[in-house]
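Enquirer: Quick one, fold the following:
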Amino acid sequence: MTRLVPTFVALCCLGLVFPVGCALSQNTSLGLFEGHGDIGDVGVPGAVRYDGGQQSYVVTGGGENMWFDTDALHFVWKRMTGDVTLAADIQWIGDGGNAHRKACLLIRQSLDPNAAYADAVVHGDGLTSLQYRQVRGGTTREIQSNVTAPRRLRIEKQGDFVSMSIAHEGEALHAAGGSFKIEFAEPFYVGLGVCAHDNAVSEQAVFSNVEITRGQAKPAVEPVLESTLEIVPIASGDRRVVYHTRDHIEAPNWSRDGKYLLFNSGGRIYRIPVEGGMPKLIDTGFATRCNNDHGLSPDGRQLAISDQSQEGGKSLIYIVPAFGGTPRRVTALGPSYWHGWSPDGKTLAYCAERDGEYDVYTIPAEGGAERRLTTAAGLDDGPDYAPDGQTIYFNSVRTGTMQIWRMNADGSDQHQVTFDEYNDWFPHPSPDGRWIVFVSYEKDVEGHPANKDVMLRLMPTAGGEIQVLARLFGGQGTINVPSWSPDSRSIAFVSYRLTRP
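Expert: Purely as a prediction, here's the structure:
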């Protein structure tokens, strides 16, 4: 049930809420907004009190939750179209409420409790996240920030992408990292929401310095690329930001002990704790033009890198100690791009160009003669071993679009695994052998370029429905190399955003 302005008017006249006058209007009683009301099954009715002098809103909200496929909250709203941003300082009133109570900046398709929506939300315990339900009645997901209890939030809708910015007291707003694609039909609703996360009580939050900005012509300057290192558990699809930067970072690997992640940036390899923090440079000696094809040995003691600093810029494969040291060359010929390490640690699988053809090769990790495994015309790329070491997954364009294929480790019995309308790249089997994750481009995208709308998709190795883990702006650099957690529960990846300085 949706209770809108008439419910509030009646309660005002009875003196049961903080009235600012029984008549509601955009210019007097609600400032920037047009209306308000309870959404969903709310046990304790909500309210709003607007202070024009302070430009602040005290929003009282009840409701059990904003999650799963339905919501219950109090919502102060304005109908809008196009690109929009909404920003506010947010502060809870009172202590001791439910740790999961929510104060949020909200974009909703409608006032129905199961509507598609996106919000930037601060919880009672300080957890800050970007939450979203992409379709009516669908599952709610989130991107958790690595910053807790910011003072100011901003939600930004640009085209079909929604993102969040945050700031502590005295800071300027800056991107929180991570974004997602969601389509809103016009008009939609933009405003302030409070959910108590306990249907027997209500909670209050103050939204001050509220600003709404409509889409405007962008300044004539080049956009700036932002990169976000994220983790997504396959059971929930709820993403968590590990690290956000305006540097260009790519291709995370997960350490064998599960404690840290690797990525490349500016030709170097960096290590960062899974919980977040500041990245630390790994010494790779003369190899200072490392690309996004790198990964750890099964025992975690060695790191394979693909570097372009020697022999006229051709990518060659080297091995260095996992925490840094002098590179040892493995491939005699280039370009060669590492992609997989056999579970016994004895063999490397890679993509290489020889005589104008890109194919899958293997070579002993100690060095020696390389072995060509694929000979089909067109690109074969992205080889990665199954955990039993008996098969290799790879992507191939031999049937017209890029699809996922599988073959025996000696190159025999090559057969197609995916048959769909997308271009599927970089298959990575989970350590437990149950899943394959890969990145999918739209069918009209050639190659694996950067800065495209892509999907991370998950496929059971035994067969079954392919599910979408995340829709994001990414592509090249997102999951070029193995990025599973050792327990097979989560995947690390990089998303991107182009924004204006």
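Enquirer: Just give me the residue right at the centre of this structure.
Expert: The centroid of the chain falls nearest to residue 178 when counting by Cα atoms, centre = their mean (4.8 Å).
Enquirer: where's the helix or strand containing residue 253 relative to the chain centroid, distance-wise?
Expert: Here residue 253 sits within strand 249-254, counting by DSSP states H and E. Computed by Cα atoms, centre = their mean, to the nearest Å, the separation of strand 249-254 from the middle of its chain amounts to 13 Å.
Enquirer: and that strand, what other elements does it pack with?
Expert: Counting contacts by 3 or more Cβ pairs under 8 Å, 6 or more residues apart in numbering; DSSP states H and E, strand 249-254 packs against strand 224-233, strand 260-265, strand 490-499. C-betas here are computed from N, CA, C, even on glycine.
Enquirer: tell me the angle it makes with strand 260-265.
Expert: 160 degrees (axes from the mean of the first three to the mean of the last three Cα atoms, to 10 degrees).
Enquirer: And the contacts of strand 249-254?
Expert: Strand 249-254 has contacts (Cβ atoms under 8 Å, 6 or more residues apart in numbering) with 227, 229, 243, 261-265, 270, 274, 292-296, 476-486, 492-494.
Enquirer: ok, 6 Å please
Expert: 227, 261-265, 292, 295-296, 477, 480-481, 483, 485, 492, 494 (Cβ atoms under 6 Å, 6 or more residues apart in numbering).
Enquirer: Which one (most neighbours) among those residues?
Expert: Of all these, the highest neighbour tally under other Cβ atoms under 10 Å goes to residue 480, namely 31 neighbours.
Enquirer: quick one: buried residues of stretch 414-433?
Expert: For stretch 414-433, burial by neighbour count (16 or more other Cβ atoms under 10 Å) applies to 414, 417-418, 422-431.
Enquirer: With stretch 224-237 instead?
Expert: Buried residues in stretch 224-237, defined by neighbour count with 16+ other Cβ under 10 Å: 225-232, 234, 237.
Enquirer: Next: stretch 83-95.
Expert: Under the neighbour-count criterion of 16+ other Cβ under 10 Å, stretch 83-95 has 84-90, 92 buried.
Enquirer: Among those residues, pick out the one closest to residue 191, please.
Expert: Ranked by distance to residue 191 (Cβ to Cβ), those are led by residue 86 at 7.5 Å.
Enquirer: My reading is that that closest one lies in a strand. Confirm?
Expert: Yes. Counting by DSSP: H, G, I helix; E, B strand; the rest coil, residue 86 is part of a strand.
Enquirer: just to revisit the earlier point, Serialize the buried residues of stretch 83-95 to CSV and add fields for pLDDT and distance to residue 66.
Expert: Formatted as CSV, the buried residues of stretch 83-95 follow (pLDDT from 0 to 100; distance: Cβ to Cβ, whole Å):
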residue, pLDDT, distance to residue 66
84, 97, 20
85, 97, 21
86, 98, 16
87, 98, 20
88, 98, 17
89, 98, 21
90, 98, 15
92, 97, 16
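Enquirer: Apart from its neighbours in sequence, what residue is nearest residue 148?
Expert: residue 126 (3.9 Å; Cβ to Cβ, 6 or more residues apart in numbering).
Enquirer: pretty sure the residue nearest to the centre of the chain contacts residue 228?
Expert: Yes. Between residue 178 and residue 228 a contact is recorded at 5.0 Å, counting by Cβ atoms under 6 Å.
Enquirer: Overlap in contacts, those two.
Expert: 241, 495.
Enquirer: Tell me the secondary structure at residue 312.
Expert: Once three-state DSSP is applied, residue 312 turns out helix.
Enquirer: remind me, longest strand of this protein?
Expert: Longest strand of the chain, by residue count under DSSP state E: strand 203-214.
Enquirer: quick one: low-confidence parts of the stretch 351-500 of the chain?
Expert: Low-confidence segments of the stretch 351-500 of the chain (pLDDT under 70): none present.
Enquirer: May I ask you to confirm that residue 78 belongs to a helix?
Expert: No. Going by three-state DSSP, the assignment for residue 78 is strand, not a helix.
Enquirer: burial measure for it, as a count.
Expert: Residue 78 has 21 neighbours, counted by other Cβ under 10 Å.
Enquirer: What's the separation between it and residue 110?
Expert: 14 Å (Cβ to Cβ, to the nearest Å).
Enquirer: which neighbours do these two share?
Expert: By Cβ under 6 Å, 6+ apart, residue 78 and residue 110 have no common neighbours.
Enquirer: Residue 287 touches residue 327, doesn't it?
Expert: Yes. With contact defined as Cβ under 6 Å, residue 287 reaches residue 327; the gap is 4.8 Å.
Enquirer: and for those two, which residues touch both?
Expert: residue 318.
Enquirer: got the contact list for stretch 238-246?
Expert: Outside stretch 238-246, the residues that touch it by Cβ under 6 Å, 6+ apart are 141-146, 177-178, 226-232, 272, 276.
Enquirer: can we see that at 8 Å?
Expert: Against stretch 238-246 from outside (Cβ under 8 Å, 6+ apart): 141-146, 175-178, 224-232, 249, 261, 272, 274-277, 279, 470, 492.
Enquirer: Quick one: distance of that stretch to the chain centre.
Expert: The chain centre lies 7 Å from the centre of stretch 238-246; the measure is Cα atoms, centre = their mean.
Enquirer: Can I get it as PDB, trimmed to CA atoms?
Expert: C-alpha atoms of stretch 238-246 as PDB (Å, rounded to 0.1, in the frame of the first residue of the first chain):
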ATOM      1  CA  ASP A 238      26.500  -7.400  -3.900                       C
ATOM      2  CA  ARG A 239      29.600  -5.500  -4.800                       C
ATOM      3  CA  ARG A 240      32.200  -4.000  -2.500                       C
ATOM      4  CA  VAL A 241      34.700  -1.200  -3.300                       C
ATOM      5  CA  VAL A 242      38.300  -2.100  -2.400                       C
ATOM      6  CA  TYR A 243      40.100   0.800  -4.000                       C
ATOM      7  CA  HIS A 244      39.100   3.800  -6.100                       C
ATOM      8  CA  THR A 245      41.500   6.000  -8.000                       C
ATOM      9  CA  ARG A 246      41.900   8.300 -11.000                       C
END
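Enquirer: Spatially nearest residue to residue 258, not counting backbone neighbours?
Expert: residue 486 (4.8 Å).
Enquirer: and the protein, what are its domains?
Expert: Structurally, the chain divides into domains by automatic domain parsing as follows: 2-214, 224-499.
Enquirer: count of residues packed around residue 169?
Expert: Quick note: residue 169 (other Cβ under 10 Å) scores 8 neighbours.
Enquirer: ok, back up a step: okay, the buried residues of stretch 83-95 in CSV with distance to residue 44 next?
Expert: Listed next are those as CSV, based on distance: Cβ to Cβ, whole Å:
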residue, distance to residue 44
84, 30
85, 31
86, 25
87, 28
88, 23
89, 25
90, 21
92, 17
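Enquirer: of those residues, closest to residue 451?
Expert: Residue 451 has its nearest neighbour among those in residue 85, at 21.6 Å by Cβ to Cβ.
Enquirer: quick one, what contacts that closest one?
Expert: Residue 85 neighbours (Cβ under 8 Å, 6+ apart): 154-157, 211-213.
Enquirer: Please name the bridge partners of it.
Expert: Counting by DSSP bridges, residue 85 forms beta bridges with residue 156, residue 213.
Enquirer: Quickly note the distance from it to residue 40.
Expert: From residue 85 to residue 40 the distance is 26 Å (Cβ to Cβ).
Enquirer: before we move on, the earlier item: most surrounded residue in the contacts of residue 85?
Expert: residue 156 (25 neighbours).
Enquirer: didn't residue 492 look like it was pressed against residue 258?
Expert: No. Between residue 492 and residue 258 there is no contact under Cβ atoms under 8 Å: 10.8 Å.
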